[in-house]
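A.B. asks: Show me how the following folds:
(2 chains)
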Amino acid sequence: MPIVLRFQRVHSCPPARLALFAFALVASPGAAAADTKTGEQIYRQLCVRCHGLGGEGSKKHPPPLVGDKSVDALAKLIDRTMPEDDPDQLDAAGSAAVAAYIHDAFYSPTAQARNKPARVELSRLTIPQYRNAVADLVGAFRGPGKWDDKRGLRGEYFTGRGFEGNKRVIDRTDPEVRFDFGTSGPAPEKFDPHQFSIRWEGSVLAPETGTYELVVRTEHAIRLWVNDPRTPLIDAWVKSGTDTEFRASVGLLAGRAYPLRLEFSKAKQGVDDSKTNPNPPPKKASIALLWKPPHGVVGVIPARHLSPNRSPEAFVVSTAFPPDDRSLGWERGTGVSKEWDAATTEAAIETAGYVAGHLAELAGVADAAPDRSPKLREFCRRFADRAFRRPLTDEQRRVFIDRQFEAAADPETAVKRVVLVVLKSPRFLFREVGGGPDAYDTAARLSFALWDSLPDDELLKAAATGKLAAPDQLAAHAERMLADPRAKAKVRAFLLTWLKADQVPDLAKDPKRFPGFGPEVISDLRTSLDLFLDEVVWSGESDFRQLLLADSVHLNHTLARVYGADLSPAAGFQKVRLDAGKRAGVLTHPYLLAAFAYTGESSPIHRGVFLARGVLGLTLRPPPDAFTPFPADLHPTLTTRERVALQTKPQACIGCHGVINPLGYTLEHFDAIGRYREKDNGKPVDATGGYQTRSGVAVKFTGAPELGRFLAGSEEVHAAFTEHLFHHLVKQPVRAYGSHRLDELRAGFAGNGFNIRKLIVAVAVVSAFPPPEAKSSPKKP
Amino acid sequence: MALRRTRREFVRDLGISTAALPFVLNLSGLGFANQTRRKQRLVVMFSPNGVVPGAFWPDEEGEKFTLKESLKPLAPFQSRTLVLNGVCDRVRGDGDSHMRGIGCLLTGVELFPGNVQGGSHTPAGWASGLSVDQEIRTHLQKDPATRTRFGSLEFGVMVPDRADTWTRMVYSGPNKPVAPVDDPYQMFAKLYGRTKDRELLKSVLDDVRDDLKKVGGAVGAADRKLLDEHATFVREMEKDLREEKAAAADHPVPQLEPGVKKENDRIPAISKMQIDLMVNGFAADFARVATLQYTNSVGMARMRWLGVTEGHHELSHEPDKNETAQDKLTKINRWFCDQLAYLAKRLAETPEPGGPGSLLDNTLIVWTNELGKGNSHTLDDIPFVLVGNGLDFKMGRSVKYQKLAHNRLLLALAHGFGHRLTRFGNPDFCGAGPLPSLT
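C.D. replies: Numbering: from 1, shown residues only, chains lettered A, B, ... in the order given. Sure thing, here's the model as predicted:
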């Protein structure tokens, strides 16, 4: 069976070269008998005359060879009808070969997309962009929050039951909420153990987008507010029965801080009977504030996600959207569907309701104010300006604001009309259709690249005053914006995508072989990976190579026990140098090693594919068939490496596996949960491997650190990382910004000591200038 | 000849199959086509602080009885009224009488121990079981023939903004109190918000379409396809909205008096708005069960519009010999009865959609209270005044029982809906099943 392996970086090869590679490799396998011809040979011999070399057609047969038939359907059609003058010239096998060739080379929609010159396509907002944009559109009227270096929550402790100011005896910052007061008060000499109350206040930062379950454990009365300061998320102020755990869920967007308040009361409500009943038996009191993040387990909310600063409420659209297109490896907004349109309508209605319900606060005008109507018009104008990322023209102002106020019976209805018509407008829903190109487009490109959201006040001001033109002006803004938690969340999401960990792999392992490797360990490993990524990116050097070289792993007590480090039971996450320098950054991070493994055995193939595709940027075809790995118990004398070698020995496999396996073998010192091992199946581990670079140099390396050093110094790796980053941030093909852009960015990356943050700024700046082809096309509406 | 003819009988007589009905009659309320029994509804109306027994309970038993001062407003409906005396709340345990009075009233079961301290007795939490209105709601929602959009609606009038044992009567389960909606605008949004939103959306569609056209004209040909597709979806939405509007024409959205604030002196206005919304909701078949809770147990309304300046609860503590106070309390209860009469009148004058008669023919209103008498805090002789013909009870009577547990009345309500429970709440008080001599 022929196997095709294309040594080509995604989208970085011109089509001609691509076809050549495909040809070379299709032709090479010796499985094909000497007298059988490849599909391309047949095509050149019998078809080119009418259909043209690239299927473009000819004078005699002008229609191009494009369509969406499957390879099989195409083969049958060719066998029946082609060549037109003599269909018998081609048998079924020949037809199939030709069909497979043209399908892949130019016929199929995928081939067309690959072959056509890249351009910046009109895009709607992706779902994260939509949710962030609406949150910031409403949030602009509340002012920014402050996420500084302070961690934990403000804790105020009262001797009374009603949080009366004169009864406050402690005011401090608590890193987290986890207390057991026993049968006395928080400070025994200061509190009556029968009656005290505590209020914790501050903000909670959501590290990823999704549903968070908040959990409070206590024997007493509590109320918890998260985001919405008006309605408690959990109201257990009436203590009733024996429940000691209270749960509720809330949807949060990544990279934002939300106001949080927790009130605790060890006291009776209602009538004060302390005089008639002064000495009731003492009761225990404890409290813990926990959460279950979207992909985690229930645990105490750690200090690093808490701040004693207050944050403004954020509006999180709860309407469900159909998923974005990810067929190219990054989320794109280049398609619309009826479901998407319906979701934008629902979300617009939801937002209109929210704005109307918070109108006095957002517009800063009292319900009874005499100048309410003009003030609301002004509010609506600012709302529309911000949604459209540029000031309204006079004509737009008449349509979007004045007409809505004239048509509505009352100002609330007018505001709702404005919100609906603005949020349903393509000027909001699509990128760069509302005017330009000008500095406002530049501002929006920067903010969507770094935040997936609308420009803030500073960007808009710079655009309005002509201070967003030179690259260094843009770079200064990009650097400022990078410090925002929204940028940090986006960068982390990118790194997890790069590591193929964004879709949250299933890490469940064989409980007999790996007892104790349960959801808690998996969740801690994810945290460990997050901490490592954050540390590398946001450290002073922000050195990309550290991602592939660092010999330490972030461990807490739970992980230390699994991975053989010595930490005290109270230890939180900290950097631990593991296995005497045998580790190499993400390449040996246990989370990824466990993800690229079976439930019982390591998987050099999964690890090799990750290294080849993800890190080196190679395009690998999927295997021609689905294969079940050889089970270990049927080959009791073999190591994992030996089993893999045996299974991929056939000539048909080796085309790809000749690349995959030698990469994956280098990580064989790590078992299915990423623990270091000297032996596999009783034999010493063989971790030798290698790689033939695109320029044809054969490199040999053994074990993870050598692999890490090779990859950290490889231009292929730098280019693949740069390209991946560009696509994730900008959501347009980098080729559309000029054929040398990727090389320039990669060279700049190397010149800056592989500083990731500087690369991000460079990508944002490049993407903020209109690409050469697009400069002339949009007209002013 | 029977006057009650169901739509099914009508259609059968016409000789049209029910499958063809939608096409022949073009009716939106097709639920009726499957109706085998009449629609039944239950309303529980609550007012607090007990009653003045001498001005409340009829002296006579049986069909011939005289309405006392507190019940005078029911005169037009006397033949459809059933006054039940001698029904007692026997549930004891944690909590004071006001707390148990409201918390066990519809649940028939003890309160959990908790941290809410009343004026006497031990502290308590929420009720440890669900209330009978929610039991009946669940029963009706299980059956597609009786299922409605909301199942039940919980109305309130001036309920304090605090969740505790004194402010909650309805429970969807143990420890699961249901907050009544005491803001008519909020209730309106719940019932009609979607309709209003869709109307609003329709009103801006022209502007959306024009805008799309303008923007579409300004982008390059390669990108226009995406916007064209988008425009198609907007047109489809417009079509959907037109069809929705046609379907909704049967149930006009009620108009509310604007700007009524949650203030003591606006209680009469709020009460009227809530009753109007409830009747509209029944006509649109949004729900078959409703509760209407005036203030709360220990309610503090000051009925200045009656010339009563004292708070209701403090007045209710006055001794029997304080005649001025008893007169005022009688006035207060008469005002609550006025609200009951208004509800009955609105139901009586609203035709039953798709059926003969009026909404009141198929609705039973139960007016009740957390106490028998305010100054004694007794849970004996809890007021239960029933109006309307929603269940097959024999109306137009005054019935006096010898201290029967109110759990048996709760059972009777469930049985009236064909929900034949053998026990509800604390089984010790379910005795020989539903109250006798109701039907």
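
A.B. asks: When you work out contacts or count neighbours from here on, use the C-alpha atoms and nothing else.
C.D. replies: OK.

A.B. asks: List the contacts of residue 284.
C.D. replies: Chain wasn't specified; assuming chain A. By CA atoms under 8 Å, 6 or more residues apart in numbering or on different chains, the contact list for A:Lys284 reads A:Phe181, A:Gly182, A:Thr183, A:Ser184, A:Glu219.

A.B. asks: Let me rephrase: I mean chain B.
C.D. replies: By CA under 8 Å, 6+ apart, the contact set of B:Ala284 is B:His251.

A.B. asks: repeat for A:Lys266
C.D. replies: A:Arg161, A:His194, A:Gln195, A:Phe196, A:Ser197, A:His220, A:Ala221, A:Ala285.

A.B. asks: Counting neighbours, what do you get for the fourth one?
C.D. replies: As a burial measure, A:Phe196 scores 22 neighbours (other CA atoms under 10 Å in any protein chain shown).

A.B. asks: Give me every residue in the stretch 51-200 of chain A lying close to chain B.
C.D. replies: Residues of the stretch 51-200 of chain A lying near chain B by CA under 8 Å from any CA of the partner chain: A:Glu121, A:Leu122.

A.B. asks: And the contacts of stretch A:96-114?
C.D. replies: By CA under 8 Å, 6+ apart, stretch A:96-114 touches A:11, A:15, A:19, A:38-40, A:42-43, A:54-55, A:65-72, A:74-76, A:78-79, A:115.

A.B. asks: if we go to 7 Å?
C.D. replies: A:19, A:38-40, A:42-43, A:54-55, A:65-68, A:71, A:74-75 (CA atoms under 7 Å, 6 or more residues apart in numbering or on different chains).

A.B. asks: do stretch B:301-318 as well
C.D. replies: Stretch B:301-318 is contacted from outside by B:Asn49, B:Asn264, B:Val298, B:Gly299, B:Met300, B:Ala325, B:Lys328, B:Leu329, B:Gly374, B:Asn375, using CA under 7 Å, 6+ apart.

A.B. asks: out of the residues you listed, who's near chain A?
C.D. replies: Near chain A, judged by CA under 7 Å from any CA of the partner chain, there are no entries from these.

A.B. asks: between those, which is nearest chain A?
C.D. replies: B:Val298 (12.1 Å; CA to the nearest CA).

A.B. asks: Of the contacts of A:Lys266, which belong to strands?
C.D. replies: Under the assignment DSSP state E, those contribute A:Phe196, A:Ser197, A:Ala221, A:Ala285 to strands.

A.B. asks: How many residues are close by the residue of the stretch 201-350 of chain A found nearest chain B?
C.D. replies: Distance from chain B to each residue of the stretch 201-350 of chain A (CA to the nearest CA) is smallest for A:Ser240, at 4.0 Å. Using other CA under 10 Å, A:Ser240 has 25 other residues around it.

A.B. asks: which of the ones in strands among the contacts of A:Lys266 tops the neighbour count?
C.D. replies: A:Ser197 (25 neighbours).

A.B. asks: Find the nearest non-adjacent residue to A:Ala347, please.
C.D. replies: Leaving aside its sequence neighbours, A:Ala347 sits nearest to A:Thr319 (CA to CA, 6 or more residues apart in numbering or on different chains; 5.5 Å).

A.B. asks: where does the chain have low pLDDT?
C.D. replies: Going with chain A. Scanning chain A for pLDDT under 70 picks out A:1-36, A:113-114, A:772-781.

A.B. asks: Not quite, go with chain B.
C.D. replies: Filtered on pLDDT under 70, chain B yields the residue ranges B:1-36, B:246-250.

A.B. asks: Just checking the distance from stretch A:340-353 to the centre of its chain.
C.D. replies: Relative to the centre of its chain, stretch A:340-353 is centred 24 Å away, using CA atoms, centre = their mean, to the nearest Å.

A.B. asks: do the same with stretch A:290-309
C.D. replies: On CA atoms, centre = their mean, the centre of stretch A:290-309 falls 19 Å from the chain's centre.

A.B. asks: quick one, helices of the stretch 151-300 of chain B?
C.D. replies: Taking DSSP state H, counting those that start in this stretch to define them, one finds helices in the stretch 151-300 of chain B at B:184-218, B:221-248, B:267-283.

A.B. asks: In a markdown table, list the ones you listed along with mean neighbour count.
C.D. replies: Formatted as a markdown table, the helices of the stretch 151-300 of chain B follow (neighbours: other CA atoms under 10 Å in any protein chain shown):
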| stretch | mean neighbour count |
| --- | --- |
| helix B:184-218 | 18 |
| helix B:221-248 | 15 |
| helix B:267-283 | 21 |
